[in-house]
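**Q** next input, structure requested:
(2 chains)
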2 protein chains.
Amino acid sequence: MSLSAEIIAVGTEILLGEITNTDAVDVAQALSELGINAYYQTVVGDNPDRLRKVLEIAKNRADIIITTGGLGPTFDDLTKNVAAEVFGRELQLHKPSLERIEEYFKRLGRKMTDNNRRQAYLPEGCTVLPNDWGTAPGCAIEGDGKILIMLPGPPRECKPMVKYRMVPYLEKLSDSHLVSHGIHIYGMGESEVESRISSFAEKMENPTLAPYAKDGEVLLRVTGKATTEEEADAITHPVIEKVCEILGDVVYGVDVPSLHSAAFEILKEKKLTLSTAESCTGGLCAKLITDIPGSSEVFRGGVCAYTNEIKEKLLGIPGELIEKYGVVSDEVARALSASACEKFGTDAGIGVTGYADGRGDERNPGGTIYVAVTLNGKTVSHKVYQPRGRKVARERAAQEAFNLLRREAEKI
Amino acid sequence: MSLSAEIIAVGTEILLGEITNTDAVDVAQALSELGINAYYQTVVGDNPDRLRKVLEIAKNRADIIITTGGLGPTFDDLTKNVAAEVFGRELQLHKPSLERIEEYFKRLGRKMTDNNRRQAYLPEGCTVLPNDWGTAPGCAIEGDGKILIMLPGPPRECKPMVKYRMVPYLEKLSDSHLVSHGIHIYGMGESEVESRISSFAEKMENPTLAPYAKDGEVLLRVTGKATTEEEADAITHPVIEKVCEILGDVVYGVDVPSLHSAAFEILKEKKLTLSTAESCTGGLCAKLITDIPGSSEVFRGGVCAYTNEIKEKLLGIPGELIEKYGVVSDEVARALSASACEKFGTDAGIGVTGYADGRGDERNPGGTIYVAVTLNGKTVSHKVYQPRGRKVARERAAQEAFNLLRREAEKI
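**A** Numbers count the residues shown, from 1 in each chain, chains lettered A, B, ... in the order given. Below you'll find the predicted structure:
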C-alpha cells in the first residue's frame, strides 16, 4: 500500500516572506526516505477559518497530514485547536506535558506565564510526541482513516522532532526500509561529478544515486530499499566503494557532517594538535572547529589578527615580510600558519589572509584569499578567488583550509 | 478593494525536499510590499491532474494566482498547458519570444533543440512577461475575474522576474501600501513580551503588531497599511515609540539585523575599538563581528584561548587566578575581557569562559558560561545557563556578550 502525504506549514511570517519554509524541506526529505509520496505542500497563516479549510482539503486528498508551526504559547498559535475541531476531538490537559514545561522553565530560571500552560492541552486520544528541544509538545491523531501529525515550527525543534518522533511513528506503517548514505565531495563541480559517474549510475535502480550541489560542495546520496534495514544498508556499500574509487580524493568522507569535521577526525585519530591564525576569516576557522563537541582534544587556540600591528605583535609576522609581499599574499598566509604552530605549540596550523570583499589591491581583487596549512613543519597553500560576496568568500576560504588540512593529515 | 493572492510552486524536487522553495519568499515579500494579502502558498509536483486541481482551488479562493516553475523545455514542464486549460485558452506560438530564445542560444553558442521551441507557446490573449535572465518567458492571463501570473522556477530567473515584471504589472491594481518595521528584543521571552503589550496590542487593527520568537530573541513586527507609503509608515511610528517605552532597554534596535550589528553600530558611532578573548565560544564572537562589512573600523582582533596554558601565555591570565576560582568563573571571564583590551590596545573587550556542553564541574553544570565586557576600564559580567546543547549555548553566550556591550556603550 502506498501512502500519500501533505505537509502544511502554519505561520503568517511565511506568507509575508519573512522566513523561509525550511521545515517543509526537513519533513519532505524524511517522508521521501520513508517511501511516502508527499504530493502537496501548503502554507497558511495564523487564521482559524483558513487553517480549517486547508486541513479539510488535505484530509480529502492525503492519507497523512503533517503540520508544522502554530503550537506556541501565544494567542495566534491555533493549530491544535483547529485540528482537534476538524477531527472532532476536545483538547484536554496532558499532565506529563505540563510537568515537562514547568520543569523546562525551572531549569532556565525563567518565569512561566499562564499562556505557557496552553501548550500542555492536547487533543483527546492523541499520541503525544514529547519535545525535548523546546516547550510545545507535538502529537499524532488517527481518525477518519487519516493520520495527522503536528510538529512545532521553530526549525531547531522541528528538525529533531521529525527525526526522533515523526519518522519512528510513521516507520511502523511502512513495509519497506530505506537506508541512505551521503558521499561528500569537495573540489569538483556537480556536472563533472555527474559525468564521471553517469555510465555507472544510469543503469542503477536500487540503490539510487542522487547528486545535490550545496555551498561549494557536492553530496551524492546513495539510497537502498529492502524489506529489512540490514539488507537495505548492505546493497549500498558496493556502490559507495565504486563511487569513491571513480572520484578519488575529492571525496572527503561518507556520512560526515562537514569538511572541518572530517579534518578534525583525522587529526584526532593521529593525535595531532591544531591552532589557527586568521585575518579576513576573523575567527571563522576557530569557530568551526570548536563547533565540534570534544574539539579541545585537537584544538589549542587561535589568534584573529585583524590589523598588521597585531600580526606583528601577537604572531611575530615580520613587518618587512608584510611590506615586501603585501599583507594579502601567499607568503603572509604561510607565515601565519607557521606562526600559529609556534605560538600555540601545535603540530598543525591554519593561516588565512585576504580580502573577503571590497576592491582589494592591484594584484588581488576583492574575494581573493590565501590559505595555508603547516603540518609538522611543512607548509602548503592555496589561493581562493570567490567574488560572490563576503559571506561566501569567507566560507570558501575556511573550507579550503580544512580541505588542505585533511589532505595533508591523511598523508601522515 | 483588498486583493488576495495565492502562490503556487510547481516542482517535484520541492516535494522531495531536494530544494527549498525560495521563490515563494521572493514572491511573498513583493506581494506584501504591494499590500496584497497572500493567504495561501501551495507546492505541487509536475503532474497535470494535481496541478489542475490546485489551480482550481486557488481560482476559488484567491484573486491573484502566481505560479513559479514548470515553464522549462522538458516534457514535465506543464504549467502553461494546464493553466491555459483551466482558463479556457489555447496555446499559440509567440514569435517575439521564439526569436528571443533563438537569439539566446546563438549568444551562448549552444545548439537550440526542438523542445526549446515549446517555451515560445503561450496562452492566447496573455500579456507576455519577457525573461531577460533565461529562456522561458513568463506571462499573465486575466480571465473569470482573476489574474494568473506565471514565472520561471530557477531562483536566479524568478527573482528578477518578480522585481521587474510581476511587481510593475501588479502595481497598477493595488490601492494600498504596507510598511513594516521590526522591533528587536533580547532578554525577555515571547510570552512575557506579549503579556506586557497585550492590553495595548489587542485593540489595534492598523497598524498590526505581531511577535515572532527566534534564536533566543523576540521580533515584534509593526505593519501599517494606507493609500500611500508615507502614510503607512507614519502610522507605525507612534506604535514603535509606545512599545519601546513599555519594554524599556530589552529593545536593542528597530530594523537592525542582529545584536552584534547593533553593538557594532554603537561602537562605530562612538569611535570605540573592540577585541575579544574567548574560551568556549572559540572564535564565535570574533566571527560574528567580522561577518559585518567594514568591521575593521571597530575590530582589532581576538584570541581564542582553548587551554589554560594559552590563557596564561598569550593573554597573561595569572595561573593563580585560574587555580583559585576555576577556569570557568566570573573572575576569569573578567580577566579575559580586561586582558583583551590590554593586549590589543582597544577601548572595549569581550571575555568568555564556560562549558558549552558536557558535565561541567561541581559548581557549574554543562551549559554554564560566564561572559564579561570591559569598556574604558570598567568591567561588567553575566552568567548564562543554557543546557540545550553546545550550539545554542555558544550562540546565547555570544548574544549575551554583544548585549552587555551595546548596553555599556550606550551609556557613554
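**Q** counting by contacts, list what the host helix or strand of residue A:245 packs against.
**A** Secondary structure from DSSP states H and E places residue A:245 in helix A:229-247. Packing contacts for helix A:229-247, counted by 3 or more Cβ pairs under 8 Å, 6 or more residues apart in numbering or on different chains; DSSP states H and E, involve strand A:177-186, helix A:190-201, strand A:217-226, strand A:251-254. Every C-beta, even on glycine, is put in place using the N, C-alpha and C of the backbone.
**Q** now do 6 Å
**A** strand A:177-186, strand A:217-226 (3 or more Cβ pairs under 6 Å, 6 or more residues apart in numbering or on different chains; DSSP states H and E).
**Q** including mean pLDDT, could those go into TSV?
**A** As requested, the helices and strands packed on helix A:229-247 are exported to TSV (pLDDT from 0 to 100):
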stretch	mean pLDDT
strand A:177-186	88
strand A:217-226	88
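**Q** okay if I get the ones you listed as CSV plus mean neighbour count and distance to residue A:162?
**A** Below are those laid out as CSV (neighbours: other Cβ atoms under 10 Å in any protein chain shown; distance: least, Cβ to Cβ, whole Å):
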stretch, mean neighbour count, distance to residue A:162
strand A:177-186, 20, 14
strand A:217-226, 20, 17
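**Q** kindly present the ones you listed as TSV, with separate columns for distance to chain B.
**A** Compiled in TSV, the helices and strands packed on helix A:229-247 are given as follows (distance: least, Cβ to the nearest Cβ, whole Å):
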stretch	distance to chain B
strand A:177-186	12
strand A:217-226	9
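**Q** quick one, strands of the stretch 51-200 of chain A?
**A** A:64-68, A:91-93, A:121-123, A:127-129, A:138-143, A:146-151, A:177-186 (DSSP state E, counting those that start in this stretch).
**Q** could you list the residues in contact with the third one?
**A** Defining contact as Cβ atoms under 6 Å, 6 or more residues apart in numbering or on different chains, one finds that strand A:121-123 is touched by A:84, A:89, A:91, A:93-94, A:139, A:141.
**Q** quick one: buried residues of the helix holding residue A:245?
**A** Buried residues in helix A:229-247, counting neighbours by 16 or more other Cβ atoms under 10 Å in any protein chain shown, are found at A:232-233, A:235-236, A:239-240, A:243-244, A:247.
**Q** got it, and stretch A:342-349?
**A** Residues of stretch A:342-349 classed as buried by neighbour count (16+ other Cβ under 10 Å): A:343-344, A:346-349.
**Q** quote the end-to-end distance of that stretch.
**A** Stretch A:342-349 has an end-to-end distance of 9 Å (criterion: Cα to Cα, to the nearest Å).
**Q** what is the lengthiest helix in chain A packed up against?
**A** Ordering each helix of chain A by length in residues (DSSP state H) puts helix A:390-411 first. Counting by 3+ Cβ pairs under 6 Å, 6+ apart, the packing neighbours recorded for helix A:390-411 are helix A:259-269, helix A:284-290, strand A:368-375, strand A:378-385.
**Q** one more time with 7 Å
**A** helix A:259-269, helix A:284-290, strand A:348-354, strand A:368-375, strand A:378-385 (3 or more Cβ pairs under 7 Å, 6 or more residues apart in numbering or on different chains; DSSP states H and E).
**Q** closest to chain B out of these?
**A** Nearest to chain B, of all those, is helix A:284-290, at 2.7 Å by Cβ to the nearest Cβ.
**Q** quick one: contacts of that closest one?
**A** For helix A:284-290, contacts defined as Cβ atoms under 7 Å, 6 or more residues apart in numbering or on different chains pick out A:260, A:264, A:274, A:276, A:278, A:295, A:299, A:302, A:350, A:352, A:394, A:398, A:401, B:282-284, B:287, B:304.
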